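**Student:** How does the following fold in three dimensions:
(2 chains)
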Amino acid sequence: MEIKESPSFFEHAAMAAFGIALITTLILNFGMIAGQNSIGLAMASLCICALIGFMPGFAAVGLHIKQTGAILELGRAAMIGFSAGFIFSIAMSGFDAIWVMLGYNWPLMLIESVENFYLDQGESISDLEEFREMIESQSGSFSLPGLILNAVLMGILSLFTGMAANGVFGRNN
Amino acid sequence: MLNSRHSLILFVFPSAFLLLMASGFVFTGSAGINSFSHEAFRSLCHQLPSRTLVINDLYTAVCARCLGLYSGLFLASLYLWLRRAQKAVSVMLTAAFFIFALLLNLADVAGNFLGFWSNTVYSRILTGMAGGMALIFIIPALIYNVKNKTRQNGN
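**Tutor:** The predicted structure is shown next:
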């Protein structure tokens, strides 16, 4: 009986995950830096990143199908999506740590820009203080189980977008 | 491809796990498991206490909107599993529902932020749930489309 070997997907998952993590971290941090005096810019970069954050699985499956020309089984697309989401989460944690070392903490920058917006309007929001306290208490803390579990959760979310990509790119193939 | 319950398990188990984690295991009343699940969702949700459900004196691991989203993922997956996704659904219809759910969430957030209205816990849960369901429903529609196209090309 002939055993048909499927092409490896790990390389494509890693490429897509790192690429999207790099794009996300750049948009997020530069958006927050530029959006210090413009709430619109800060919020727009946050919304764009929230959407891009769902994309690792989608991009990885798309890349794999384009490169190999294969029509994937649903389970394989899910596996590629999961791997991409897992790698994306780890990469984002790494990039965030680098930004914090450079003195840029995007959640704090976002709070400042929202605070500036409300101050201009003569209002204040209690939620922001609560959020600031939470971010400040969390910054600098690191937990390996938390990081791994977070990556698993991101992997599961990407698993769904990976399966969706199987439909989109498989159709084009 | 999607006719067997085995393949639909791919939807049900992961979404059930996500919902269980997102609930923060508040039903167990255990603060230890609750804080662990909070840690897991730290980078996925703002987890603001004022926007999070409290059950048994414990906060859920995610905000109301995210809890709605994970509930939507699970409910839609369960529906597909029970129905075995036998009926092919139009891609256009599910894509329209997906875009509608996305815009609904965007409008709810933006309207609240700009002071047009104050959203409630229920509005956040419901809009989030619509988003989660839309994401699941679009997948079988896309896959059936591929299947039909492959069959057509084969003939």
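**Student:** Could you use CA atoms for every contact and neighbour count after this?
**Tutor:** Will do.
**Student:** check contacts around residue B:38.
**Tutor:** B:24, B:47, B:60, B:61, B:62 (Cα atoms under 8 Å, 6 or more residues apart in numbering or on different chains).
**Student:** sorry, that was for residue A:61
**Tutor:** A:12, A:13, A:77, A:80, A:81, A:162, A:165, A:166.
**Student:** So which of those belong to helices?
**Tutor:** Residues of those located in helices (DSSP state H): A:12, A:13, A:77, A:80, A:81, A:162, A:165, A:166.
**Student:** Distance to chain B, neighbour count and pLDDT for these - can I get that in JSON lines?
**Tutor:** Putting the ones in helices among the contacts of residue A:61 into JSON lines (distance: Cα to the nearest Cα, whole Å; neighbours: other Cα atoms under 10 Å in any protein chain shown; pLDDT from 0 to 100) gives the following:
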{"residue": "A:12", "distance to chain B": "21", "neighbour count": "21", "pLDDT": "91"}
{"residue": "A:13", "distance to chain B": "19", "neighbour count": "30", "pLDDT": "93"}
{"residue": "A:77", "distance to chain B": "11", "neighbour count": "29", "pLDDT": "91"}
{"residue": "A:80", "distance to chain B": "13", "neighbour count": "30", "pLDDT": "94"}
{"residue": "A:81", "distance to chain B": "12", "neighbour count": "34", "pLDDT": "94"}
{"residue": "A:162", "distance to chain B": "9", "neighbour count": "35", "pLDDT": "91"}
{"residue": "A:165", "distance to chain B": "8", "neighbour count": "27", "pLDDT": "89"}
{"residue": "A:166", "distance to chain B": "7", "neighbour count": "30", "pLDDT": "86"}
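**Student:** which one of the contacts of residue A:61 sits closest to residue A:105?
**Tutor:** Of all the contacts of residue A:61, the one sitting nearest residue A:105 is residue A:13; the distance, using Cα to Cα, is 27.5 Å.
**Student:** Touching, that closest one and residue A:79? I think so.
**Tutor:** No - using Cα atoms under 8 Å as the test, residue A:13 is too far from residue A:79 to be in contact (9.6 Å).
**Student:** Check which helices and strands the top helix by length along chain B sits against.
**Tutor:** If you go by DSSP H, chain B has its longest helix at helix B:121-154. Judged by 3 or more Cα pairs under 8 Å, 6 or more residues apart in numbering or on different chains; DSSP states H and E, helix B:121-154 is in contact with helix A:144-172, helix B:64-83, helix B:91-113.
**Student:** quick one, it and helix A:144-172 angle?
**Tutor:** Interaxial angle, helix B:121-154 versus helix A:144-172 (axes from the mean of the first three to the mean of the last three Cα atoms, to 10 degrees): 40 degrees.
**Student:** Would you mark the buried spots in helix B:121-154?
**Tutor:** B:123-147, B:149 (16 or more other Cα atoms under 10 Å in any protein chain shown).
**Student:** burial count for residue B:115?
**Tutor:** By the criterion of other Cα atoms under 10 Å in any protein chain shown, residue B:115 has 10 neighbours.
**Student:** now swap in residue A:117 and tell me
**Tutor:** Residue A:117, neighbours per other Cα under 10 Å, totals 18.
**Student:** which residues does it contact?
**Tutor:** Residues counted as contacts of residue A:117 (Cα under 8 Å, 6+ apart) are A:37, A:38, A:39.
**Student:** Just to be sure, which of the residues you listed are found in helices?
**Tutor:** Counting by DSSP H, the contacts of residue A:117 place residue A:39 in helices.
**Student:** State the three-state secondary structure for the residue lying closest to residue B:112 once chain neighbours are set aside.
**Tutor:** Distances taken as Cα to Cα, 6 or more residues apart in numbering or on different chains place residue B:118 nearest to residue B:112, at 5.1 Å, with adjacent residues excluded. Of the three states, residue B:118 takes coil under DSSP: H, G, I helix; E, B strand; the rest coil.
**Student:** and chain B, which residues reach chain A?
**Tutor:** B:1, B:7, B:10-11, B:14-15, B:18, B:36, B:39-44, B:46, B:48, B:50, B:135-136, B:138-140, B:142-146, B:149 (Cα under 8 Å from any Cα of the partner chain).
**Student:** can we see that at 6 Å?
**Tutor:** For chain B, the residues in contact with chain A (Cα under 6 Å from any Cα of the partner chain) are B:39, B:40, B:139, B:142, B:143, B:146.
**Student:** in which helix or strand would I find the closest residue to residue A:52 other than its chain neighbours?
**Tutor:** Closest residue to residue A:52 apart from its sequence neighbours, by Cα to Cα, 6+ apart: residue A:24 at 6.8 Å. Using DSSP states H and E, residue A:24 sits within helix A:10-34.
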